[in-house]
Structure formats: structure tokens, C-alpha cells
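In: Attaching a predicted model along with its sequence, questions to come.
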Amino acid sequence: MNNKNAQKLIMISIGGALAFAALGIIWGLYADSQMIQFDGYYSFISVLLSMMSMMALRFISKEDPERFPFGKESFIPLTIVIKYFGILVLIIISLVQAFVTLSSGGNAMSMGSGVLYALISAVGCYVAYAYFKSKGHGDALITAEMNQWRMDALLSIGVLAGFIIGWVLSLTVLDVLVPFIDPVMVILVAGYFIKVPLSELYAALRELLEMAPDRPIAEAVEAQVVRIGKFHGFEDHALKLQKMGTKLYIEVDFIVPPENDLTILEQDRIRHELKSGLRGLTLDPWTTVVFTHERQQKSR
């Protein structure tokens, strides 16, 4: 996906998140609901983080080979780290506030109002999630936007179920439990969703620390390298991989038999053969292929 399309999608995400943020915060304050306010504040944080993604995309799209000879792809995982750290902070704050409210006796609110809000939010967020899922095509930043809407959609569904339970309880002798529904929902939902920013932070930090990519990517590249090595009769190979944003750095050292002196034309053909075999990857491969008679220690 090119940066212009990605920026357009992020602008759509910003507009949608801003609308849900205003709806959630105003409705939550009016209904005196921590859960609805949490949903609204989450959407507002999403707006700020999406704007940051937009600025990162614009910065990355401007080439600067003198200062960034290998590109600016490292800003993609850095942006994702900041995005999900912000979400993680919001979740932790919401958890603390919910426990404080729970320990002080809960809070009373209109369950009917909560049901209506959650229904509107669930439908709207799921539509947005489905839209970005159909448009992402492996782009890391758009995937992050999709995950935000996915979290919001699931959050709203959970909230809807909680408010329906609270509304039913308010019609029975168990209505004394209704004030605890709101903070308990915040604890359950926030506790469940805390794994999403943690897992995304881990994945982005792996890239920033220049660790090897996920196994499926490594196995796909390894298969192509092995195929080429066997076809050309090479003795062995050494392969190093690193994923950074949408770019996959590939360094291959083919161990060529001493009696086989490849011409430059033959070497170039093998390089093109490798690039052709990697077209199925959703990432942009940056390949470095070396041919040597010297056997080195294999490193993957």
C-alpha cells in the first residue's frame, strides 16, 4: 500500500474516532458511567495516536538518502510502540479508577441509557473494523488502526452485555448489585484488553531490537534460498533476516564450490531469481547476496 492511500485511511479513522470520542465522553458524563467514559476516552486517545501515525507516514514518505541511507522504516515500529504504550497507560488508569469506585460502593446509573449507547457504539465500531480489515493489506500502521477499532467493537459488545445484565437486575430483588455493574465492567474489559497492547508492544520492540522476524516469514525465505542453492549446486549458505516496518532485510552468503567461478552476469541472474521467488511476501525485500568460496559460520 502506498503512503497516500495509507494517509487517507488514517484520516478516515481519525474522523470516526473523534465522533465516537465526543459521543462517549458526553454520554458518559451525562449518564455518570465510568464504562462509557472509558470508551470515549479510549476513542479520544485513538484520535491523538492516529494523528501521530499520519505525521509518521508523511515523514517516512519524504526520502532523505543522506541521513537515512537504509530508509526510515524504523519509525514504523517506533510509532507503534508509542501508540500502544498510550493505550496501555489508559487501560491501567481506568483499572485503578474502577477499583477505587468498586471499593467505595459503586455508582448508580441508568442501565437503559447504557444499553442504547453500547448498541450504537458496537455497530459503528464493527463497521469501521470491517472496513479497515478489507483495506489493510499487510500495512503495519493500518493494521494498528484496524486493531484499535477491533478493540473498540469488542469493548462495546462487552459493555452492551453488561448493561443488559444490569438492566435485568434492576427489575429484580437483586437491584442492590446494579451500582457495581459499571466498575466491574471496566475491570473485566480493561483486564481482558490489556493483552493487546502488550503483545503489539512486544512485536514492535522485537523489530527495534533488530531481532529475527516471525517463523513463517523466515521459513518462506529459507525455502527460496535452499531451492536456489540446490539448483545451482552450491555447497551451503548463511542467511540473516531482519524485519523493520514493511521492509525485510535479507543477507545471503552462498558457499560456492572452489571449481565454480561464477561470472558477474550469472551472479546477477541468481539475485534476480531470488527476488522473483520472494514476490509472494507482503513485505518489501531488501536483499544482499554474496557469493564466496570461504565457508563461514552459519548464522540465522
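Out: Received it, and whenever you're ready, just let me know what you need.

In: rest of the way, CA atoms for contacts and neighbours
Out: Fine.

In: Let me see the backbone angles for residue 263.
Out: When quoted as degrees, to the nearest 10, the phi and psi of residue 263 stand at phi -80, psi 160.

In: any idea how far it is from residue 270?
Out: 11 Å (CA to CA, to the nearest Å).

In: who's more crowded, those two?
Out: Each of residue 263 and residue 270 has its neighbours counted (other CA atoms under 10 Å); residue 270 has more, 16 against 9.

In: so that one is in which element?
Out: helix 264-277 (DSSP states H and E).

In: Now do that helix, average pLDDT.
Out: Mean pLDDT, helix 264-277: 91.

In: Likewise for stretch 99-119?
Out: Here the average pLDDT along stretch 99-119 is 83.

In: List the buried residues in it.
Out: Neighbour-count burial for stretch 99-119 flags 101-102, 106-111, 113-115, 117-118 (criterion: 16 or more other CA atoms under 10 Å).

In: Tell me what residue 243 is bridged to.
Out: Per DSSP bridges, the residues bridged to residue 243 are residue 248.

In: on that earlier part again, any chance of the buried residues of stretch 99-119 in a markdown table, with secondary structure and distance to residue 28 too?
Out: Below are the buried residues of stretch 99-119 laid out as a markdown table (DSSP: H, G, I helix; E, B strand; the rest coil; distance: CA to CA, whole Å):
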| residue | secondary structure | distance to residue 28 |
| --- | --- | --- |
| 101 | helix | 15 |
| 102 | helix | 17 |
| 106 | coil | 15 |
| 107 | coil | 12 |
| 108 | coil | 12 |
| 109 | coil | 10 |
| 110 | coil | 11 |
| 111 | helix | 12 |
| 113 | helix | 10 |
| 114 | helix | 9 |
| 115 | helix | 12 |
| 117 | helix | 9 |
| 118 | helix | 11 |
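
In: right, and out of those, which lies closest to residue 285?
Out: The closest of those to residue 285 turns out to be residue 118 (CA to CA; 43.5 Å).

In: Please compute how far the helix or strand that contains residue 53 lies from its chain's middle.
Out: Following DSSP H and E, one finds residue 53 within helix 34-61. A distance of 13 Å separates the centroid of the chain from that of helix 34-61, by CA atoms, centre = their mean, to the nearest Å.

In: and the helix or strand hosting residue 99, what does it pack onto?
Out: Secondary structure assigned from DSSP H and E places residue 99 in helix 75-103. Applying 3 or more CA pairs under 8 Å, 6 or more residues apart in numbering; DSSP states H and E, one finds that helix 75-103 contacts helix 34-61, helix 140-169, helix 178-193, helix 195-208.

In: With respect to residue 228, which of those helices lies nearest?
Out: helix 195-208 (27.4 Å).

In: And for the closest one, what's in contact with it?
Out: 74, 77-78, 80-81, 84-85, 87-88, 212-213, 242-245 (CA atoms under 8 Å, 6 or more residues apart in numbering).

In: can you list the weak-confidence ranges in the stretch 101-250 of the chain?
Out: 136-141 (pLDDT under 70).

In: try 90
Out: 101-115, 117-118, 121-122, 125, 128-220, 232-236, 242-249 (pLDDT under 90).

In: hang on, the earlier thing: give the other helices and strands that the helix holding residue 53 contacts.
Out: For helix 34-61, the elements it packs on are helix 3-31, helix 75-103, helix 140-169, helix 178-193, judged by 3+ CA pairs under 8 Å, 6+ apart.

In: quick one: which of the helices and strands packed on helix 75-103 is nearest residue 225?
Out: helix 195-208 (22.4 Å).

In: Following the chain past that closest one, name the next helix or strand.
Out: Following helix 195-208 in sequence, per DSSP H and E, is helix 215-231.

In: Can I get that following helix in CSV, CA atoms only?
Out: Output in CSV follows, covering the C-alpha atoms of helix 215-231 (Å, rounded to 0.1, in the frame of the first residue of the first chain):
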residue,chain,number,x,y,z
ARG,A,215,8.9,-18.0,11.9
PRO,A,216,6.5,-18.1,8.8
ILE,A,217,8.5,-15.3,7.2
ALA,A,218,11.8,-16.9,8.0
GLU,A,219,10.7,-20.2,6.7
ALA,A,220,9.4,-18.7,3.4
VAL,A,221,12.7,-17.0,2.7
GLU,A,222,14.7,-20.1,3.8
ALA,A,223,12.8,-22.3,1.4
GLN,A,224,13.7,-20.0,-1.6
VAL,A,225,17.3,-19.8,-0.6
VAL,A,226,17.6,-23.6,-0.2
ARG,A,227,15.9,-24.1,-3.6
ILE,A,228,18.3,-21.8,-5.4
GLY,A,229,21.3,-23.3,-3.6
LYS,A,230,20.4,-26.9,-4.6
PHE,A,231,19.6,-25.9,-8.2
